[in-house]
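> Take a look and give me a structure for this.
(chains A and B)
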Amino acid sequence: MTQLPDRNGRFGVFGGRFVPETLMNALIELEQEYNRFSEDPAFKEEIAYLLKQYSGRETPLYYAERLSQHLGKAKIYLKREDLNHTGAHKINNAIAQGVLAKRMGKGKVIAETGAGQHGVATATVAALLGLECKVFMGEEDTKRQQLNVFRMKMLGAEVIPVTSGSRTLKDAGNEALRYWVSNVEDTFYVLGSAVGPHPYPMMVRNFQRIIGDETRKQILEMEGRLPNTILAPIGGGSNAIGMFYPFLEDKEVGLIGVEAAGKGVDTDFHAATMSKGTQGVFQGSMSYLLQDEFGQVQEAHSISAGLDYPGVGPEHSYLKDIERVKYVPITDQEALDALQLLCRTEGIIPALESAHAVAQAVKMASEWTENDIVVINLSGRGDKDVESIMAYTGGKTE
Amino acid sequence: MNRIDQTFASLKQQNKTAMMPYLTVGDPDIRTTVDIILELESAGADIIELGVPYSDPLADGPVIQRASERALKNKVTIRTAMETARLARDRGSQLPFILFTYYNPVLQTGLDTFFEEVVRHDISGLIIPDLPLEECEQIRSLAHTAGIHLIPLVAPTSHERIASIVSEATGLVYCVSSLGVTGERTDFYSGVDNFLETVKRYSKVPIVIGFGISSQEQVARFSKICDGVVVGSAIVRQVESNIPLLEKEDTRQQGLLQIREFVAQLIG
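Predicted coordinates for the structure are as follows:
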């Protein structure tokens, strides 16, 4: 299970490289260079140094005592990815891909972004490493996340509003790929989630697995054993796969990916790819996908821009099919309620994405006993979401 | 014999290059697509590429993206796109049809059903721009059994992949003129002539060039080194700008004539 993907980038039937021929050599080169540098101690040291001294890792594994008491019997821990520089787990991957880009001699990087977290992380790393940076962002999202647009510009990146299709994350991804096709010879595409063509899902997972590796070490130190349950939010799935991967072989650890049900999985407004999607090819890989019977990709909906995506990483689709990870939906309203709860009990404002995982804990709490240890991956902080929460609740804080 | 092979055989006898217009099916509607096919045939087109509109056309520039969006608003699907080939055939078109479609609509149709429909609607070839060599084994074997050409794309960045891509090709090889998506352009890949020479050296079948070709000068330039020239976005743009004429019954013929004349001029 942990040996995948195979040499064609497949996780079972999922994954692969469904891209225009123009990109194939670039993907092959990327895979070779990634494999070569993965063996290079200097490359690993540079990334480890930046993660520690620049981003502030390791992030704490925090025992949320008041939340635990409020919900019942289980001990709930929060993996504090929100305390990373730039406010989310996205920086782990952006640092590593940025260092890789530089070592490959590419002076220009591009990225796609939904909420702006990955865009900000990439712009940050580009500034740090002296790379030229362009970020593609759906026009809708540039309006929803004006602050992040400004942040990226402050960091010296060029933000390109995408006006095609639904003008959200999926279209930003399409446009980044189109740009890459035109500029493949001197540009590195810093892809933000565990999606896209091989080797991205594998590479992003390996750059994010530090979340799970640290969690494992920390929980063993604190509790002397592994947790019973780990919860992580999932859009494309990079924080979740990073958290889950080091635990895949530990059969006693229940792994739960929490996806966005928007206004409900039985409405037309959700991003519940695992609950409602079918197998298809989208943005370079075979995976589960929200689509109609003729193979047209459908628009997703979630209050959380980071989960507002009709696809999901191929490794997650594989883990669903072999039933190693369970995937469950959480609605906008459930996520908002959980966000408020975490604010009030712990003084932590989580990102809307992360609030989905907290909401699943609320849902499951009655099943847990005092012997249960639960870890929630708190993938990001909620500062970026304050404006959209105000708009949604009409400014009410109850 | 596959219609594509017949066409290239007869063009070779006449020492001519194939003019291969691309249309997005259902832009602005199916009836007009059929009419345009017949107009282009009488203007001298040799092979027609029928583009299946898709929600996420990764390999396409803004012009074909917009055409796709218009066609999708009309609920055009991969099924109706294939039926359009049959409608044109029933109205007397003799040209070979190549279906240009992204992979996901094919996958959702079901591969066996898809090939039954391709054969039933007298489509001769397939271009699937997001299905590179490494992913196309199953489709290629089904296409071979059905007598349909699965047409590979080769790009200037294909380098050492060219030999393996081209040696497997049947029907024709589609050479991408530039790095980038579809759409009119004035500059091509700087090493495009060497690239075409390399492809030609390995290919046992005709080679055609596409992506960005939009003027008579460009058609003439590439006709000297290729067996065919694809013109896509430039024609789709003509369709787009003539939509106001095409939509009214009394000006419809005028709109069709404009598109026909544009293609006649390209051929020169």
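
> C-alpha from now on. contacts and neighbour counts both.
Fine.

> how about the residues of the stretch 151-268 of chain B near chain A?
B:153-158, B:178-181 (Cα under 8 Å from any Cα of the partner chain).

> Give me the buried entries from those.
Buried members of those, scored by 16 or more other Cα atoms under 10 Å in any protein chain shown, are B:153-158, B:178-181.

> what's in contact with the host helix or strand of A:Gln340?
Using DSSP states H and E, the secondary-structure element containing A:Gln340 is helix A:332-346. Helix A:332-346 is contacted by residues A:64, A:66-67, A:70, A:260-263, A:302-304, A:348-352, A:355-359, A:362, A:389, A:397-398 when judged by Cα atoms under 8 Å, 6 or more residues apart in numbering or on different chains.

> Buried subset of those, written for ChimeraX?
Selecting only the buried entries of the contacts of helix A:332-346 in ChimeraX, with 16+ other Cα under 10 Å as the criterion:
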select /A:64,67,260,261,262,263,302,303,304,348,349,350,351,352,355,356,357,358,359,362,389
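
> Which of the contacts of helix A:332-346 fall in strands?
Taking DSSP state E as the definition of strands, the contacts of helix A:332-346 contribute A:260-262.

> SS state for the residue of the stretch 151-268 of chain B found nearest chain A?
Of the stretch 151-268 of chain B, the residue with the smallest distance to chain A, taken as Cα to the nearest Cα, is B:Gly180 at 3.7 Å. With DSSP: H, G, I helix; E, B strand; the rest coil as the basis, the three-state label of B:Gly180 is coil.

> That one contacts A:Val181, correct?
Yes - with the criterion set as Cα atoms under 8 Å, B:Gly180 and A:Val181 qualify as a contacting pair; they are 4.9 Å apart.

> Give me the common contacts of the two.
Both B:Gly180 and A:Val181 are in contact with A:Thr22, where contact means Cα under 8 Å, 6+ apart.

> Tell me the helix or strand right after the helix ranked longest in chain A.
Counting residues, the longest helix in chain A under DSSP state H turns out to be helix A:21-38. Past helix A:21-38, further along toward the C-terminus, the next helix or strand under DSSP H and E is helix A:41-49.

> So which bits of that next one are buried?
Within helix A:41-49, the residues that qualify as buried are A:43, A:47-48, counting by 16+ other Cα under 10 Å.

> of these, closest to chain B?
Each of these was checked against chain B using Cα to the nearest Cα; the closest is A:Phe43, at 27.6 Å.

> ok, which stretches of the stretch 151-300 of chain A are strands?
Along the stretch 151-300 of chain A, counting by DSSP state E, counting those that start in this stretch, strands occupy A:158-162, A:187-189, A:229-233, A:254-262, A:278-282, A:285-289.

> Quick check: residues of the stretch 151-300 of chain A near chain B?
Taking Cα under 8 Å from any Cα as the criterion, the stretch 151-300 of chain A approaches chain B at residues A:164-165, A:171, A:174-175, A:177-184, A:280-284, A:293-297.

> returning to what we had before: with distance to A:Lys251 and pLDDT added, can I get the ones in strands among the contacts of helix A:332-346 in a markdown table?
Below are the ones in strands among the contacts of helix A:332-346 laid out as a markdown table (distance: Cα to Cα, whole Å; pLDDT from 0 to 100):
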| residue | distance to A:Lys251 | pLDDT |
| --- | --- | --- |
| A:Ala260 | 26 | 98 |
| A:Ala261 | 27 | 98 |
| A:Gly262 | 31 | 97 |
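
> And for B:Thr198, the neighbour number?
As a burial measure, the neighbour count of B:Thr198 was computed by other Cα atoms under 10 Å in any protein chain shown and equals 14.

> what does the one 3 residues further on give?
With neighbours defined by other Cα under 10 Å, the count for B:Arg201 comes to 11.

> Check what pLDDT it gets.
B:Arg201 is assigned a pLDDT of 96 by the prediction.

> Spell out the residue ranges of the strands in the stretch 51-200 of chain B.
Secondary structure of the stretch 51-200 of chain B by DSSP E, counting those that start in this stretch: the strands cover B:97-100, B:125-127, B:149-150, B:153-154, B:173-176.

> and the second one, what does it pack onto?
Contact partners of strand B:125-127 among helices and strands, from 3 or more Cα pairs under 8 Å, 6 or more residues apart in numbering or on different chains; DSSP states H and E: strand B:97-100, strand B:149-150.

> Dump the ones you listed into CSV; add mean neighbour count, distance to B:Ile36 and mean pLDDT as well.
Listed next are these as CSV, based on neighbours: other Cα atoms under 10 Å in any protein chain shown; distance: least, Cα to Cα, whole Å; pLDDT from 0 to 100:
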stretch, mean neighbour count, distance to B:Ile36, mean pLDDT
strand B:97-100, 25, 14, 98
strand B:149-150, 24, 24, 98
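
> Distance to chain A added to those strands, as TSV?
Shown next, in TSV, are the helices and strands packed on strand B:125-127 (distance: least, Cα to the nearest Cα, whole Å):
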stretch	distance to chain A
strand B:97-100	13
strand B:149-150	14
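
> Please produce CSV containing those strands, extended by distance to B:Ile267.
Formatted as CSV, the entries for the helices and strands packed on strand B:125-127 read as follows, by distance: least, Cα to Cα, whole Å:
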stretch, distance to B:Ile267
strand B:97-100, 19
strand B:149-150, 25
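
> With respect to B:Pro129, which of those strands lies nearest?
Ranking the helices and strands packed on strand B:125-127 by distance to B:Pro129, with Cα to Cα as the measure, places strand B:97-100 first at 7.7 Å.

> For residue 131, list the residues it contacts.
Reading this off chain A. If you count contacts by Cα under 8 Å, 6+ apart, then A:Leu131 has A:102, A:107-109 around it.

> Switch to chain B, please.
Residues touching B:Leu131, when contacts are defined by Cα under 8 Å, 6+ apart, comprise A:18-21, B:102-103.

> Could you export the longest helix of chain A as PDB, CA atoms only?
The C-alpha trace of helix A:21-38 is given here as PDB (Å, rounded to 0.1, in the frame of the first residue of the first chain):
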ATOM      1  CA  GLU A  21       2.100  15.400 -25.400                       C
ATOM      2  CA  THR A  22       3.800  18.800 -25.100                       C
ATOM      3  CA  LEU A  23       4.000  18.300 -21.300                       C
ATOM      4  CA  MET A  24       5.100  14.600 -21.300                       C
ATOM      5  CA  ASN A  25       8.900  15.200 -21.400                       C
ATOM      6  CA  ALA A  26       8.600  17.900 -18.700                       C
ATOM      7  CA  LEU A  27       6.700  15.400 -16.400                       C
ATOM      8  CA  ILE A  28       9.300  12.700 -17.100                       C
ATOM      9  CA  GLU A  29      12.100  15.100 -16.400                       C
ATOM     10  CA  LEU A  30      10.400  16.300 -13.200                       C
ATOM     11  CA  GLU A  31      10.100  12.700 -12.000                       C
ATOM     12  CA  GLN A  32      13.700  11.900 -12.800                       C
ATOM     13  CA  GLU A  33      15.000  15.100 -11.100                       C
ATOM     14  CA  TYR A  34      12.700  14.500  -8.100                       C
ATOM     15  CA  ASN A  35      14.000  11.000  -7.700                       C
ATOM     16  CA  ARG A  36      17.600  12.100  -8.100                       C
ATOM     17  CA  PHE A  37      17.300  14.900  -5.600                       C
ATOM     18  CA  SER A  38      15.400  12.800  -3.100                       C
END
